[in-house]
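1. Generate coordinates for the sequence data below:
(one chain, ligands or ions: 3)
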Amino acid sequence: MALFLIKKTMTFDQKQHLDTSKDYIVPCQKNNIEAVKDILPITNPDFDGSFSTHLLLYGKNGNRIYLLGLGEEKHSTKLEEAFRKLSVDTQKYWGKSIQVYTNDLNGHQIRKAIIGLKLAQYKIGEYKSTKEETSKTSVSICTTENVETIINEGALIGQTINRIKALVDAPPNIKTPEFLAKWAGNSAENTNYKCTIFNEAELKNKGFKAVLAVGKGSVNRPVAIFNEYKGKTDKEVDLVIVGKGITFDSGGLSIKPSTNLHYMKSDMGGAAVVLGIIELIAKLNLSVNVTGIVCSAENAVDAASYRPGDVIESYSGKTIEIIDTDAEGRLVMCDGLSYAVKNIKPTYLIDIATLTGSVVRTLGYSAAGMFTHNQEMAQTFSEIGYKVNERVWPLPLFEDFENDLHSDIADIRNFSGKPIAGAINAAKFLEAFTDNHKNWMHLDIAGVAFGDSAYAKMKSATGYGIQLLLEFIKTLATK
Ligand code: BES
Ligand code: ZN
Ligand code: ZN
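-> Ligands and ions are numbered 1, 2, ... in the order given. As a prediction, this is how the structure comes out:
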């Protein structure tokens, strides 16, 4: 396979004043053309500011002026989408530089605009044999306020989302567990955090028996990745985030139907968020201590595969009866969670995983399933999720569901065997490995990590989770 790197770069700076003789973008709220009329070449353009529409006007020098519709208040959470679409549709006509008039935007909106422009630089065709031309665009944010920090943050968020999308969209023959480990190692070398990899031998030594059981059927050996970012001097770890890193989920011996099976390359969406967020907070130098744990394996079919009926062991010491080998995510995750509560004892413990088809049937592609006993955390996540347009929706952890975890022959079973409440059943399984951690939250992102978009013909990575976790981590950094 011929592999070419397609490079599209976009850099950002700030200018105090807009140069109206050059190209520029003018964001405009619905029915509010009045607010920007002073910088337009005509008084009454045919434009009402509807969300994500644009109108091209030409200035005296033949320079391009893009009126960009931001729509109404209800569209404010997805402002980056308007900038992304404008860039995807028109960037080929821009010169080497463009200005964005942002005097009427607040900091949050400017950050969203920059993220949107960055997201437009993502190229999904990394594995095509034909090489695309490289392009370089410099964007000047024109405002009288000082927005250097916001510009830097927006650009890094956009860059991180693009990097994790590339991971999730990568083919499973390339992004093996060891590939994810190398990605993390390289990232740590280029940034200021520590990366430790447990390869198969170390997983055996340390007792990650559930991860090993899931990985038994693949030639691509399992790994666990530990990314430690220390942004402050005290030892206490504020947050551990555990991510599901199944690089391909065939279902194992409880094999999945072949329709859409290729999309199961996205079963490491949680891992990608964990890898990305540690890199991002390290680049942003946030004053917080966060560790990311990725448990990664390929769930493959082979004579060596683990079977339905097997009883396996786990890091916690609990024995698990396997009912369905397709319920593999909760197995790799339970070892990551047990490791965190036993060895790291963080203040907050979050896990993020493309865990169940059930959550997709429940919430569709609109929100992640959120499970926690901590109402304050739930409230914070709901608010942040709405604001950054990476929404979460609460689902219960009622005791009633505990019976569904009963096994006659082992400590616990990995699936209720019932066609109901699958996302809750999975969450209850994970809960059994958290040692009743008061600040634990489980996010089931099966419906939101990967999906349809206007920019690809097939389903592709969404980058969901980076902004949600970043905003939460920022609340910890200021505590
Ligand atoms: N990786 C899947 C969940 C999934 C489904 C992710 C759709 C993304 C889109 C998970 O490992 C799985 O197969 N879950 C099963 C569990 C069941 C067999 C107990 C499910 O939810 O159907
Ligand atoms: Zn599965
Ligand atoms: Zn899976």
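
2. From residue 382, how far out is whichever residue of the stretch 301-450 of the chain sits closest to ligand 2?
-> With Cβ to the ion as the measure, residue 326 is the residue of the stretch 301-450 of the chain nearest to ligand 2, at 3.7 Å. Bear in mind the C-beta positions are built from the backbone N, C-alpha and C, glycine included. For residue 326, the distance to residue 382 equals 30 Å [Cβ to Cβ, to the nearest Å].

3. Counting neighbours around each, name which of the two comes out higher.
-> For residue 326 against residue 382, the residue with the higher neighbour count under other Cβ atoms under 10 Å is residue 326, and the figures read 20 against 16.

4. how about the closest residue to that one other than its chain neighbours, what does it touch?
-> Excluding its sequence neighbours, the residue lying closest to residue 326 (Cβ to Cβ, 6 or more residues apart in numbering) is residue 251, at 3.9 Å. Contacts for residue 251 (Cβ atoms under 8 Å, 6 or more residues apart in numbering) come out as 299, 325-326.

5. any idea how this protein splits into domains?
-> Following the assignment in automatic domain parsing, the chain carries domains at 8-160, 170-477.

6. end-to-end on the shortest one?
-> When you say that, I think you mean domain 8-160. 14 Å (Cα to Cα, to the nearest Å).

7. Enumerate every residue touching whichever residue of the stretch 51-200 of the chain sits closest to ligand 3.
-> Evaluated by Cβ to the ion, the stretch 51-200 of the chain has residue 172 as its residue closest to ligand 3, separated by 12.1 Å. The neighbourhood of residue 172, defined by Cβ under 8 Å, 6+ apart, consists of 247-248, 264-265, 298.

8. cool, residue 447 as well?
-> 359-360, 363-368.

9. Make TSV out of these and add secondary structure, neighbour count and distance to ligand 2.
-> As requested, the contacts of residue 447 are arranged in TSV below (DSSP: H, G, I helix; E, B strand; the rest coil; neighbours: other Cβ atoms under 10 Å; distance: Cβ to the ion, whole Å):
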residue	secondary structure	neighbour count	distance to ligand 2
359	helix	28	13
360	helix	18	13
363	helix	21	18
364	coil	11	19
365	coil	15	19
366	coil	9	22
367	coil	22	21
368	strand	29	17
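
10. all helices of the stretch 351-479 of the chain, in order?
-> If you assign secondary structure with DSSP state H, counting those that start in this stretch, the helices in the stretch 351-479 of the chain sit at 357-363, 375-388, 422-431, 466-477.

11. whoops, the chain was the one
-> Counting by DSSP state H, residue ranges of the helices within the chain are 79-90, 107-119, 148-169, 177-190, 200-206, 209-215, 269-284, 329-339, 357-363, 375-388, 422-431, 466-477.

12. Which positions in the stretch 301-450 of the chain make contact with ligand 1?
-> Listed as neighbours of ligand 1 in the stretch 301-450 of the chain under the rule Cβ under 6 Å from any ligand atom: 324, 326-329, 354-358, 360, 415, 422, 446.

13. Which positions in the chain make contact with ligand 2?
-> For the chain, the residues found near ligand 2 under the criterion Cβ under 5 Å from the ion are 249, 326, 328.

14. just to revisit the earlier point, include mean pLDDT when you put the domains of the chain into JSON lines, please.
-> As requested, those are arranged in JSON lines below (pLDDT from 0 to 100):
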{"stretch": "domain 8-160", "mean pLDDT": "95"}
{"stretch": "domain 170-477", "mean pLDDT": "98"}
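
15. Out of these, which is the most enclosed?
-> Among the domains of the chain, judged by mean count of other Cβ atoms under 10 Å, the one packed with the most neighbours on average is domain 170-477 (a mean of 20).

16. how long is that domain from one end to the other?
-> When the termini of domain 170-477 are compared using Cα to Cα, they are 33 Å apart.
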